[in-house]
Structure formats: structure tokens, C-alpha cells
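Q: take a look and give me a structure for this.
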Amino acid sequence: MAKLTIQDLKKIKEGASKEMSLRDEAGKVKVTVHMGTCGIAAGARDVMASLMEEMGETDRKDIRVVASGCMGMCSSEPNVTIEIEGEKPIIYQHIDRNKMRQVFKRHVLMGEVQTDFALAKM
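A: Below you'll find the model as predicted:
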């Protein structure tokens, strides 16, 4: 096995730091992907993968991504909840990879609620 260089270690540290910041408690935006059994069966893993790809393309440090269990609305899975500080949370339903990209770019980054996919305001 090849020895790691200082540059290799720095790269690993940067990647781990960025990954950890996604789960940090600080942040004005929280994106929850509901990943109960029903959500996973409906495609929540693909939704999370798409979200993580979008997160990788932004330098925003105030966005926290979390996974949670089922919210009890199995017929509308995959569900994603967007919580922006000072605003009412929005639950999105029937989310797929492309819809997640749109919700992230338009709602999370630009503040435009995507009413076509919204299930409810809480």
C-alpha cells in the first residue's frame, strides 16, 4: 500500500470537514429527506444522492441535510421537508432526482416555494 502524503491527508480532511458540516447543528436551512422503509422503496435514496450532488456544487455553509424516518404519509413518498429560518416549513411530495434538483436550486437557494410539488405548509 502506498504511503499517504501531506497533500493526501489535507484532501481527506477537507472532504470530511465538508461532509460533517452538512450535519452540523448550525444553519439557517434544514433539508430533511424522509427515509423510512416506504420512502426508500419509493426512491428516497436517489433523492438523497441528488441532494448531495447539489450540495457538492454549492459553497453554502448554512444548509444542513438530515435523514429521518417515515412521516406517516406513505402514499406521497418520497417526501422532503425544507425548513428555512423565519419561514414555515414546506413538505414536498413525490420527489424524484430532478424535482429535488429543482427544489434545491429554486427553494433552498433562491427562496421560491415550488408549489407544484408541495404537499403542505406546516
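Q: please count neighbours and contacts with C-alpha atoms only from this point.
A: Fine.
Q: nearest residue to Y92 other than its sequence neighbours?
A: In space, and not counting its chain neighbours, Y92 is closest to A118: 4.3 Å by C-alpha to C-alpha, 6 or more residues apart in numbering.
Q: next one: V80
A: Among residues not flanking V80 along the chain, V33 sits closest, at 4.6 Å (C-alpha to C-alpha, 6+ apart).
Q: part of a helix, is the one you found?
A: No. Read with DSSP: H, G, I helix; E, B strand; the rest coil, V33 is strand and lies in no helix.
Q: which residues of this protein fall in helices?
A: Taking DSSP state H as the criterion, the chain carries its helices at 6-21, 37-42, 44-56, 97-102.
Q: tell me which of the ones you listed lies nearest to C74.
A: Among those, the nearest to C74 by C-alpha to C-alpha is helix 37-42 (5.9 Å).
Q: how about the closest one: buried residues?
A: Residues of helix 37-42 classed as buried by neighbour count (16 or more other C-alpha atoms under 10 Å): C38, G39, I40, A42.
Q: what's the answer for stretch 59-69, then?
A: I63, R64, V65, V66.
Q: sorry, back to before: now the helices of the chain as JSON lines including mean pLDDT and distance to S76?
A: Output for the helices of the chain, formatted as JSON lines (pLDDT from 0 to 100; distance: least, C-alpha to C-alpha, whole Å):
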{"stretch": "helix 6-21", "mean pLDDT": "70", "distance to S76": "29"}
{"stretch": "helix 37-42", "mean pLDDT": "93", "distance to S76": "9"}
{"stretch": "helix 44-56", "mean pLDDT": "94", "distance to S76": "11"}
{"stretch": "helix 97-102", "mean pLDDT": "97", "distance to S76": "14"}
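Q: of these, which is nearest M71?
A: M71 sits nearest to helix 37-42 of all these, at 9.3 Å, using C-alpha to C-alpha.
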